[in-house]
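A.B. asks: need a 3D model of the following:
(one chain, ligands or ions: 1)
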Amino acid sequence: MSCVFLLAPLLLLASCRSLPPAPPPAAAGEAPSIRFLLTFDDGPSIRQPYNPTLAIAAQLASNDVQPGIKGLFFVQTGHPRGGGTPAGRAIMRQLSEQGQVLGLHSVSPRGHIDHTQVTASALVRELREAKDLLHGLTGAPVLFVRPPFGAYNPATEAIYADADLHMLMSDVRARDGVIYGYNASLSRRIHIRHTLSALRKQVDTARYADEPVPVVVAFHDVNPYTARHMTEYLHILIEEAARAGFAVPARPFTDTLPEVMDIAISRSIPNPRNVVLAPRITAALRAGAALHAGTAAAPLKPAPATVF
Ligand SMILES: [Zn+2]
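C.D. replies: Purely as a prediction, here's the structure:
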């Protein structure tokens, strides 16, 4: 879940803007369009005075790429230095009030715990408590989970399905899970470039035919570097998407709650038991849309048979 490239620090921190400009987006009809769903793990941060989680939310709301971006924050509801504190819970409520969607990550009061290492009874109980907590804070349904360390197995998948949770992983990782003294944006741009190029090749081989192509990006909102560079990441994503051969639309990022729900559900790890959840998910989506966006929920698209 984490990695770092220890390259020459100051030079590279300044280097992102000095790269050659990305090629212009391909003309409509010549390249598949792209739609990014931004997701964030491990929060909320309760750091002060500079709070990375809130700094990211502020940039999603206001930036020079696409104001009003809505994403999905996979929170640690019981973390003793985060979501388990009054300050953390206030921030989770604030995110929801701003139209961001909350999902579950670690749900343990012990912190960032691998769900496959927890007893089934404890995981069932902690997921239920976490869902109740978030629902109480936000009034919104809790439909998504991203397991810590990306670790899951048939047993945890079954528990998620029983808890009406869809498991969402990611296509592009910002590789910002560990906070180091030096964080080189050039290496991250190259990593994003390679990942998007690989996805573009998959689209060419018809492994994913939907359009715009939904791409899930994972960041860590507890990382101050990520927070300070969130707007720069937005630029990197659209520039590298164009470079990889995607058509970048005027609104390349999800900016309504139904869109977030739609992509998150369609890109969840296929689980046959989730099929029976469809009516409840649809109702929850509509309820969530009414709570947060004040707009009618978009109809659900059928989930693709495969995910990349
Ligand atoms: Zn994590």
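
A.B. asks: show me the contacts for the closest residue to the ion within the stretch 51-200 of the chain.
C.D. replies: Here the residue of the stretch 51-200 of the chain nearest the ion is residue 148; by Cβ to the ion that distance is 4.7 Å. (C-beta placed from N, C-alpha, C; glycine too.) Contact analysis of residue 148 by Cβ atoms under 8 Å, 6 or more residues apart in numbering lists 105, 106, 112, 113, 114, 115.

A.B. asks: right, and residue 106 touches residue 84 too?
C.D. replies: No. With contact defined as Cβ atoms under 8 Å, residue 106 does not reach residue 84; the gap is 10.1 Å.

A.B. asks: of these two, who's got more company?
C.D. replies: residue 106 (28 against 19; other Cβ atoms under 10 Å).

A.B. asks: three-state assignment of the more buried one?
C.D. replies: coil (DSSP: H, G, I helix; E, B strand; the rest coil).

A.B. asks: one step back: hey, what's in contact with both of residue 106 and residue 84?
C.D. replies: Between them, residue 106 and residue 84 share these contacting residues under Cβ under 8 Å, 6+ apart: 76, 77, 78.

A.B. asks: and which of those is nearest residue 94?
C.D. replies: residue 77 (15.0 Å; Cβ to Cβ).

A.B. asks: please name the nearest non-neighbouring residue to that closest one.
C.D. replies: Leaving out its chain neighbours, the residue that sits closest to residue 77 by Cβ to Cβ, 6 or more residues apart in numbering is residue 130, at 4.1 Å.

A.B. asks: and residue 233, which of the three is it?
C.D. replies: helix.

A.B. asks: so it touches residue 174, yeah?
C.D. replies: Yes. Here residue 233 reaches residue 174: they are 6.7 Å apart, a contact under Cβ under 8 Å.

A.B. asks: now do the shared contacts for these two.
C.D. replies: In contact with both residue 233 and residue 174: 188, 219, 226, using Cβ under 8 Å, 6+ apart.

A.B. asks: show me the contacts for the first one.
C.D. replies: Okay, so that is residue 188. 5, 174, 175, 176, 233, 236.

A.B. asks: quick one, which of those residues are buried?
C.D. replies: 5, 174, 175, 176, 233, 236 (16 or more other Cβ atoms under 10 Å).

A.B. asks: what about the residue lying closest to the second one once chain neighbours are set aside, how many residues nearby?
C.D. replies: Closest residue to residue 174 in three dimensions, ignoring its sequence neighbours and counting by Cβ to Cβ, 6+ apart: residue 219, at 4.6 Å. Here the count is done by other Cβ under 10 Å, and residue 219 has 27 residues near it.

A.B. asks: assumed residue 219 was part of a strand.
C.D. replies: Yes. Under three-state DSSP, residue 219 falls within a strand.

A.B. asks: quick check, pLDDT for it.
C.D. replies: Model confidence at residue 219, given as pLDDT, is 95.

A.B. asks: so for stretch 216-235, what gets flagged as buried?
C.D. replies: Buried residues in stretch 216-235 (16+ other Cβ under 10 Å): 216-227, 229-235.

A.B. asks: quick one on the thing from earlier: surely the residue nearest to residue 77 is in contact with residue 105?
C.D. replies: No. Counting by Cβ under 8 Å, residue 130 does not reach residue 105; the two are 9.3 Å apart.
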